[in-house]
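J.: sharing a model that was predicted from the sequence below.
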Amino acid sequence: MRRTYLGEFEELVLLMIAILEGDAYGVTVCQEIEQQTGRIVTFGAVHNTLIRLEEKGFVTSGLGGATNERGGRRKRLFQLTTLGKTALTDIQELRNKLWKLIPDASLKLSGI
């Protein structure tokens with residue numbers, strides 16, 4: 001079976017969805033990325049990525065309950081699918097494998 005490509009930002013968003021466990025929507029994903037990585041991202045970038053991940057089958061979404069803080073609008077909550085969990089596990093295994101292939105001396109700072 002051919003693997004679906006997972007970009008770096010897509011991986012980051014998938015990880016945040018996993019961390020947020022059921023409370024993942026655009027704003028919380030943005031906030032979690034900033035909190036965990038120090039990286040500031042726009043809501044639009046996260047929103048587009050969430051839609052793309054859903055189209056690829058890595059996440060599903062559904063509407064949560066209406067809240068006063070959102071003027072009665074409902075949040076679109078995202079959760080990982082089995083395919084999304086598999087993709088994260090696969091990329092973690094690949095990264096670990098590649099890190100182990102780096103010779104020790106390659107990562108040491110030279111005394112130049």
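T.: Arrived safely.

J.: from the contact counts, what lies against the helix or strand in which residue 35 is found?
T.: Element membership for residue 35, per DSSP states H and E: helix 26-37. Judged by 3 or more CB pairs under 8 Å, 6 or more residues apart in numbering; DSSP states H and E, helix 26-37 is in contact with helix 8-20, helix 43-56. C-betas here are computed from N, CA, C, even on glycine.

J.: which residues are in contact with it?
T.: When contacts are defined by CB atoms under 8 Å, 6 or more residues apart in numbering, helix 26-37 is touched by residues 12-13, 16-17, 19-20, 39-43, 46-47, 50, 76, 78.

J.: so which of the helices and strands packed on helix 26-37 gets nearest residue 101?
T.: Residue 101 lies closest to helix 8-20 among these, at 19.5 Å (CB to CB).

J.: give me the angle between that closest one and helix 26-37.
T.: 100 degrees (axes from the mean of the first three to the mean of the last three CA atoms, to 10 degrees).

J.: show me where the protein dips below the pLDDT cut-off.
T.: The model of the chain has pLDDT under 70 over residues 1-4, 66-72, 109-112.

J.: quick one: contacts of the longest helix seen in the chain?
T.: Longest among the helix segments of the chain by residue count, using DSSP state H, is helix 82-101. With contact meaning CB under 8 Å, 6+ apart, helix 82-101 is reached by 3-4, 6, 11, 14-15, 17-18, 53, 56-59, 80.

J.: could you give the angle of it to helix 43-56?
T.: 110 degrees.

J.: packing partners for the helix or strand encompassing residue 60?
T.: Using DSSP H and E, residue 60 sits within strand 59-66. With contacts defined as 3+ CB pairs under 8 Å, 6+ apart, strand 59-66 has these neighbours: helix 43-56, strand 74-80.

J.: can you list the buried residues in the shortest one?
T.: Read it as strand 74-80. 75-80 (16 or more other CB atoms under 10 Å).

J.: that older thread, next one: the strand holding residue 60 to chain centre, how far?
T.: 17 Å (CA atoms, centre = their mean, to the nearest Å).
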